[in-house]
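Asks: Sequence plus predicted model, see below.
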Amino acid sequence: MVIQSFRTDDCIDEVIEVYSAMVYRLAFAKVGTKHDADDIFQNVFVSYITADMIFANEEHRKAWLIRVTINCCNKFLTSTWLKRTVPLDESLTCSFNLQEETDLHRSILRLPQRYRTVIHLFYYEELSIEQISGIFRAKPSTVRTWLTRAREKLRHQIKTEDGRNESSIIPEHE
């Protein structure tokens with residue numbers, strides 16, 4: 001017999017509608033594939049439904065969902081199952097409309113996990129440094145350092161890729 005704790009303090013459908021895009025984008029940013037992000041998305045909202053929590057306000061609910069998403073991603077990324085599997089097809093990953101979006105996405109995915117998450121929360125979810133520091137339980141100065149280092153790594157990766165692309169276009173002199 002499974003005991004479920006259904007939320008009575010709010011409408012679950014409304015919460016999922018409001019926060020689904022944020023949870024999915026964060027999961028996709030951390031794991032990099034659509035299918036894995038789908039699984040994490042589902043796990044986060046199952047956790048929400050079964051959690052016996054009362055939120056002080058919407059900001060508290062949002063921070064809780066972000067923290068649970070990050071925890072689910074970290075658990076997935078360190079799982080034995082992931083270490084023993086290989087992707088079936090690279091064409092199953094998310095597609096973008098512009099080449100710049102694809103290049104940026106690939107560069108972001110090459111960042112270490114912490115930097116990738118901080119970049120996503122700051123730029124895509126538009127969270128403040130103070131909010132991010134609360135999620136990571138770190139000092140704001142630490143989050144600023146992570147952002148600075150992530151930006152530097154991205155800048156270096158993009159510069160390296162641009163140099164490589166230009167050299168492949170320009171024929172070598174004999």
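Replies: Yep, that arrived.

Asks: Angles on the backbone of I54, please.
Replies: Note on I54: backbone dihedrals following degrees, to the nearest 10 are phi -120, psi 130.

Asks: Let's see the pLDDT reported for it.
Replies: On pLDDT, I54 comes in at 85.

Asks: Kindly report the same for R151.
Replies: Looking at R151, its pLDDT stands at 91.

Asks: helices or strands up against the helix or strand K159 falls within?
Replies: In this assignment (DSSP states H and E), K159 forms part of helix 140-169. Counting contacts by 3 or more CB pairs under 8 Å, 6 or more residues apart in numbering; DSSP states H and E, helix 140-169 packs against helix 99-109, helix 113-119, helix 129-136. (Glycine included, C-beta is placed from N, CA and C.)

Asks: ok now the shortest one, how far from the chain's centre?
Replies: This points to helix 113-119. The chain centroid and the centroid of helix 113-119 are separated by 8 Å, computed with CA atoms, centre = their mean, to the nearest Å.

Asks: ok, residues contacting it?
Replies: Here helix 113-119 makes contact (CB atoms under 8 Å, 6 or more residues apart in numbering) with 26, 29-30, 70, 74, 77, 108-109, 111, 132, 136, 143, 146-147, 149-151, 153-154.

Asks: Equivalent analysis for stretch 14-26, please.
Replies: 7, 37-38, 41, 44-45, 48, 61-62, 65-66, 69-70, 73, 117, 120-121, 124-125.

Asks: for stretch 134-151, same thing?
Replies: 63, 66-67, 70, 111, 114-116, 118-119, 121-122, 127, 129-130, 132-133.

Asks: Return that stretch as CSV; C-alpha atoms alone will do.
Replies: Output in CSV follows, covering the C-alpha atoms of stretch 134-151 (Å, rounded to 0.1, in the frame of the first residue of the first chain):
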residue,chain,number,x,y,z
GLY,A,134,20.4,30.9,-1.0
ILE,A,135,19.7,27.9,-3.3
PHE,A,136,23.4,26.8,-3.1
ARG,A,137,23.7,27.8,0.5
ALA,A,138,26.8,29.7,-0.4
LYS,A,139,27.9,33.3,0.1
PRO,A,140,26.9,35.9,-2.6
SER,A,141,30.6,36.6,-3.2
THR,A,142,31.1,32.9,-3.9
VAL,A,143,28.3,32.9,-6.5
ARG,A,144,29.8,36.1,-8.1
THR,A,145,33.1,34.2,-8.4
TRP,A,146,31.4,31.2,-10.0
LEU,A,147,29.7,33.5,-12.5
THR,A,148,32.9,35.3,-13.3
ARG,A,149,34.8,32.0,-13.8
ALA,A,150,31.9,30.6,-15.9
ARG,A,151,31.9,33.7,-18.1
